[in-house]
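> starting from these lines, generate the structure:
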Amino acid sequence: MGQKLKITGWIAAGAVAGVLTTVSLQTVARGSLAPLPLEELQQLAAVFGMVKSDYVEPIDEKKLISDAISGMVAGLDPHSQYFDKKSFKEFREGTTGRFVGVGIEISQEDGLIKVVSPIEGSPAFRAGLKPNDLITKIDDTAVRGLSLNDSVKRMRGESGTKVLLTIFRKDENRTFPVTITREEIRTQSVRGKVMEPGYAWIRLSQFQERTVDDFVKRVEEIYKQEPNLKGMVLDLRNDPGGLLDAAVAISAAFLPENVTVVTTDGQLAESKSVYKASPEFYQRRAGSDPLKSLPAGLKTVPLVVLVNEGSASASEIVAGALQDHKRGTVMGSQTFGKGSVQTVRPLGPDTGLKITTARYYTPSGTSIQAKGIVPNVLVDESAEGSPFAALRMREADLEKHLSSGQGAEVKDPEREKARDDARKRLEEEAKKPPQDRKVPEFGTDKDFALVQALAKLKGNPVVVSNTQVERKEEKKEN
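Sure thing, here's the model as predicted:
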């Protein structure tokens, strides 16, 4: 791998139910540049001059240049991006797991913001917010009609500033205001517990700077409570990815030392790398192995890895490595298919360029790009099946997505029919009362896929999906 590469990452929510995710490598700028196309650059300068002088109203020069760069990069693929000052700041927050806000994990319900869980120790936690509370207003703005991202932006702000949330608590049938002072929040990307004697569940929601340390701490707590662990479920469902070194470390926690976890390949010499289950490939400080205190039993405990269409990028690296080395059984739905690497190059103190520089491959040499990890056992999300899975965005659905580089793409003629059926069912589902539409939260005894994973670990029969089939990489229409 060499010491030139400093590993970092970025996560961004995508439209509808999909995600755009990134595993990134931050490197120094290239030492040499290809010859510049002077005639085309002269044309670009001419257009810049015409817009500047002829447009109906004055245009800011810096904005023109910024928009030109953004357009050039956006035309490459869904994951290459120009970072202006604001987006570069958000990028950095995404990799550290730190941001300024109130400290709640949220989802949407009936057009309102639902509190899934307040982050322990956060301002929201101290203010008494509870799971299932509904946020109806943020300051003077009604939440209904706002997107989830817009609501998040309104709740974030500068440290020390206040935000007024109007809360509806259903079980008490009352609405009340809560004023919360924003502060820096450190998100929790690891959850876990002993589900029943001998069997544990550990969930990773993102791969951030703190993920490995939090994972080690949670595993140690599990083994302290249950020293004779008979099986573990590693839950990567809806994990959109993040830091490559964290993915390598989590893989290494379960794998024999020094086996291959993932390889990358691209034009640059530094893009041709092999990452192994060895401290030099994931440690952040020289001579410090964050996994050294893990119980030895973690290397051999029977393992099931849960994935779904929302498992992407770094989580696909982990699932692919464990699957290829036959270290665990992958169960669930075919994953997102984000198999490309982005390199982040600073363009100044507060701007940068994120550009796709490589594809990544599982230890067997298989590209995941636009295909994803196909589980060993296909399992639905509920006893009624996975009726809305066809509506979820995957890498192969994104405009200008990168091909796998391993053969021609094929078009699935059943895809649109499945989507139409899912849309009709979703319309019917929306007519039901809210209490009848709730999806069980991950990690409960009503979590159907988790129940099947535990059955697999015990050697009991598993309810295998009779509707899911492997989805081939799709070719986009020109």
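> stretch 169-187: which residues count as buried?
Buried positions in stretch 169-187, judged by neighbour count with 16 or more other CB atoms under 10 Å: R169, V178, I180, R182, I185, R186, T187. Heads up, the C-betas are built off the backbone N, CA and C, glycines and all.
> name the residues that touch it?
97-103, 119, 122-124, 127-130, 132-134, 136, 155-168, 206, 208, 210 (CB atoms under 8 Å, 6 or more residues apart in numbering).
> isn't V194 up against V219?
No. With contacts counted by CB atoms under 8 Å, V194 stays clear of V219, the gap being 11.5 Å.
> returning to what we had before: most widely separated two among the buried residues of stretch 169-187?
Within those, R169 and R186 form the most distant pair, 26.4 Å apart (CB to CB).
> quick check: buried residues in stretch 266-286?
Residues of stretch 266-286 classed as buried by neighbour count (16+ other CB under 10 Å): G266, E270, S271, S273, Y275, K276, A277, S278, P279, F281, Y282, Q283.
> surely the last one is in a strand?
By that I understand Q283. No. Using DSSP: H, G, I helix; E, B strand; the rest coil, the assignment for Q283 is coil, not a strand.
> that one touches D289, doesn't it?
Yes. With contact taken as CB under 8 Å, Q283 and D289 are classed as touching, separated by 5.9 Å.
> report all helices and strands that the longest strand seen in the chain contacts.
Longest strand in the chain by number of residues (criterion: DSSP state E): strand 352-361. The contact analysis (3 or more CB pairs under 8 Å, 6 or more residues apart in numbering; DSSP states H and E) places strand 352-361 against strand 19-26, helix 61-74, strand 81-83, helix 85-96, strand 260-265, strand 340-346.
> strands paired with the third one, and their directions?
Think strand 81-83. strand 352-361 (antiparallel) (DSSP bridges).
> okay, the angle between the strand it pairs with and strand 260-265?
If you take axes from the mean of the first three to the mean of the last three CA atoms, to 10 degrees, strand 352-361 sits at 120 degrees to strand 260-265.
> between strand 352-361 and strand 340-346, how big is the angle?
150 degrees.
> just the CA coordinates of strand 352-361, formatted as PDB?
Once non-C-alpha atoms are left out, strand 352-361 reads as follows in PDB (Å, rounded to 0.1, in the frame of the first residue of the first chain):
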ATOM      1  CA  GLY A 352     -11.100  20.200  -3.300                       C
ATOM      2  CA  LEU A 353     -11.800  17.600  -6.000                       C
ATOM      3  CA  LYS A 354     -13.200  14.100  -5.400                       C
ATOM      4  CA  ILE A 355     -12.500  12.000  -8.500                       C
ATOM      5  CA  THR A 356     -13.000   8.300  -9.300                       C
ATOM      6  CA  THR A 357      -9.600   6.700  -9.700                       C
ATOM      7  CA  ALA A 358     -10.100   3.000  -9.300                       C
ATOM      8  CA  ARG A 359     -12.400   0.000  -9.100                       C
ATOM      9  CA  TYR A 360     -12.200  -2.300  -6.100                       C
ATOM     10  CA  TYR A 361     -12.300  -6.100  -6.200                       C
END
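> and that strand with helix 61-74, angle?
Using the same axes, to 10 degrees: strand 352-361 against helix 61-74 is 10 degrees.
> distance from the chain centre to strand 352-361, please.
Averaged C-alpha coordinates place strand 352-361 at 16 Å from its chain's average position (CA atoms, centre = their mean, to the nearest Å).
> helix or strand next in line after that strand, which one?
Next in sequence after strand 352-361, counting helices and strands by DSSP states H and E, comes strand 377-378.
> residues contacting that next one, please?
Contacts with strand 377-378, where a contact means CB under 8 Å, 6+ apart, come from 329-334, 452, 456, 462, 464-465, 468-469.
> give the pairing partners of it; include direction for each.
Using DSSP bridges, strand 377-378 pairs in its sheet with strand 329-332 (parallel).
> need the helices and strands packed on strand 352-361 in CSV with mean pLDDT, can you?
Formatted as CSV, the helices and strands packed on strand 352-361 follow (pLDDT from 0 to 100):
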stretch, mean pLDDT
strand 19-26, 39
helix 61-74, 91
strand 81-83, 90
helix 85-96, 74
strand 260-265, 97
strand 340-346, 86
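> could the ones you listed be laid out in TSV, adding distance to P227?
What follows is the helices and strands packed on strand 352-361, written out as TSV (distance: least, CB to CB, whole Å):
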stretch	distance to P227
strand 19-26	35
helix 61-74	52
strand 81-83	47
helix 85-96	34
strand 260-265	28
strand 340-346	39
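> most packed of these?
Greatest average neighbour count among these goes to strand 19-26 (a mean of 26), per mean count of other CB atoms under 10 Å.
> contacting residues around the closest residue to W201 other than its chain neighbours?
Spatial nearest neighbour of W201, chain neighbours left out: V233 (4.6 Å); criterion: CB to CB, 6 or more residues apart in numbering. Shown here is V233, whose contacts under the criterion CB under 8 Å, 6+ apart are 195, 199-202, 303-306, 450, 453-454, 457.
> quick check, nearest of the contacts of strand 377-378 to P37?
Each of the contacts of strand 377-378 was checked against P37 using CB to CB; the closest is Q334, at 41.0 Å.
> pLDDT below threshold where in the stretch 351-478 of the chain?
For the stretch 351-478 of the chain, the stretches flagged by pLDDT under 70 are 386-394, 397, 406-440, 471-478.
> now the helices for it?
Ranges of helices in the stretch 351-478 of the chain, per DSSP state H, counting those that start in this stretch, are 415-430, 448-458.
> next, format the contacts of V233 as JSON lines and append neighbour count and distance to F442.
Output for the contacts of V233, formatted as JSON lines (neighbours: other CB atoms under 10 Å; distance: CB to CB, whole Å):
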{"residue": "M195", "neighbour count": "22", "distance to F442": "12"}
{"residue": "Y199", "neighbour count": "20", "distance to F442": "15"}
{"residue": "A200", "neighbour count": "25", "distance to F442": "14"}
{"residue": "W201", "neighbour count": "25", "distance to F442": "9"}
{"residue": "I202", "neighbour count": "18", "distance to F442": "11"}
{"residue": "L303", "neighbour count": "18", "distance to F442": "17"}
{"residue": "V304", "neighbour count": "29", "distance to F442": "14"}
{"residue": "V305", "neighbour count": "29", "distance to F442": "14"}
{"residue": "L306", "neighbour count": "27", "distance to F442": "9"}
{"residue": "L450", "neighbour count": "25", "distance to F442": "7"}
{"residue": "A453", "neighbour count": "29", "distance to F442": "11"}
{"residue": "L454", "neighbour count": "22", "distance to F442": "13"}
{"residue": "L457", "neighbour count": "22", "distance to F442": "17"}
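> grab the most central residue of this protein for me.
The residue lying closest to the centre of the chain (CA atoms, centre = their mean) is P240, at 1.2 Å.
> wait, is it part of a helix?
No. According to three-state DSSP, P240 belongs to no helix; its state is coil.
> what ranges do the helices span in the stretch 51-200 of the chain?
Under the criterion DSSP H, counting those that start in this stretch, the stretch 51-200 of the chain contains helices at 61-74, 85-96, 123-126, 148-155.
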